[in-house]
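Asker: next one to model:
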Amino acid sequence: MAGQTDSMVLNRLIEKFGDAVISTHSGFGDETALVRRERIVEICAFLRDDPDLLFDMAMDLTGVDYLGETPRFEVVYHLYSLAKKHRVRIKVRLHEEDPTIDSVIPVWVGMDWFEREAYDMYGIVFRNHPNLKRILLYEGFVGHPLRKDYPKAKRQPTVGPEE
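Answerer: Predicted coordinates for the structure are as follows:
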């Protein structure tokens, strides 16, 4: 469980969400919180709306595959406040058997394509996403190529021009 830090951002998160914050670390401007997936939308809305934080810019979302670890996957959100000039990284771990998390599009509509990319490349499912389909690869592509167990020499079905 997370405790007090030197970071105002992380301390506000811990104060508001307590046991939903699994761990934090901060150093050299690298403020990071690992949080429980069940509260990701609520946590993101708080980070955006709290007058002391104002994380109005969701810069990026990516997936990470820790093959061999449990939980295997991680979703990483990079957030920035234009008004306050600070940033934070929010991480959520997901099990291989259920790589599902709620979409944060209700908080930042611009996360649409980032969530689709994580779905396409890692197979992470964003519940309630309005258009969750492949964005970089074609619909007939089999598998998720950024997973560490994806065979690098795998052949894919060929696609021709649409009729």
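Asker: helix, strand or coil for residue 112?
Answerer: When classified by DSSP: H, G, I helix; E, B strand; the rest coil, residue 112 comes out as helix.
Asker: excluding chain neighbours, what is closest to it?
Answerer: Nearest non-adjacent residue to residue 112, counting by C-beta to C-beta, 6 or more residues apart in numbering: residue 105, 5.7 Å away. Where you see a C-beta, it was placed from the backbone N, CA and C, and this is true even at glycine.
Asker: which residues does that neighbour contact?
Answerer: For residue 105, the contact set (C-beta atoms under 8 Å, 6 or more residues apart in numbering) comprises 111-112, 115, 126, 128-130.
Asker: can you pull out the low-pLDDT segments for the chain?
Answerer: Applying pLDDT under 70 to the chain flags residues 1-5, 160-163.
Asker: do that again at 90, thanks
Answerer: Within the chain, the stretches with pLDDT under 90 are 1-7, 27-30, 138-141, 151-163.
Asker: which ChimeraX command selects the buried ones in the contacts of residue 105?
Answerer: With 16 or more other C-beta atoms under 10 Å as the criterion, this ChimeraX line picks the buried residues out of these:
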select :111,112,115,126,129
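Asker: mind listing what's buried in stretch 48-67?
Answerer: 48, 53-55, 57-58, 61-65.
Asker: farthest pair in those residues?
Answerer: Pairwise distances across those peak at 32.1 Å for 54 and 65 (criterion: C-beta to C-beta).
Asker: quick one on the thing from earlier: which of the buried residues of stretch 48-67 fall in strands?
Answerer: 57-58, 61-65 (DSSP state E).
Asker: using TSV, lay out those together with distance to residue 75.
Answerer: Output for these, formatted as TSV (distance: C-beta to C-beta, whole Å):
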residue	distance to residue 75
57	18
58	12
61	7
62	8
63	6
64	8
65	11
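Asker: ends of stretch 148-159, what's the gap?
Answerer: From its first residue to its last, stretch 148-159 covers 25 Å (C-alpha to C-alpha, to the nearest Å).
Asker: need the residues that contact that stretch.
Answerer: 65, 67, 138, 140-144.
Asker: which one of those residues is nearest to residue 6?
Answerer: Checking those against residue 6 with C-beta to C-beta, the nearest one is residue 65 at 31.2 Å.
Asker: who's the closest one bridged to?
Answerer: Beta-bridge pairing of residue 65 under DSSP bridges involves residue 73.
Asker: give me every residue that touches it.
Answerer: Residue 65 is in contact with 72-73, 122, 146-148, counting by C-beta under 8 Å, 6+ apart.
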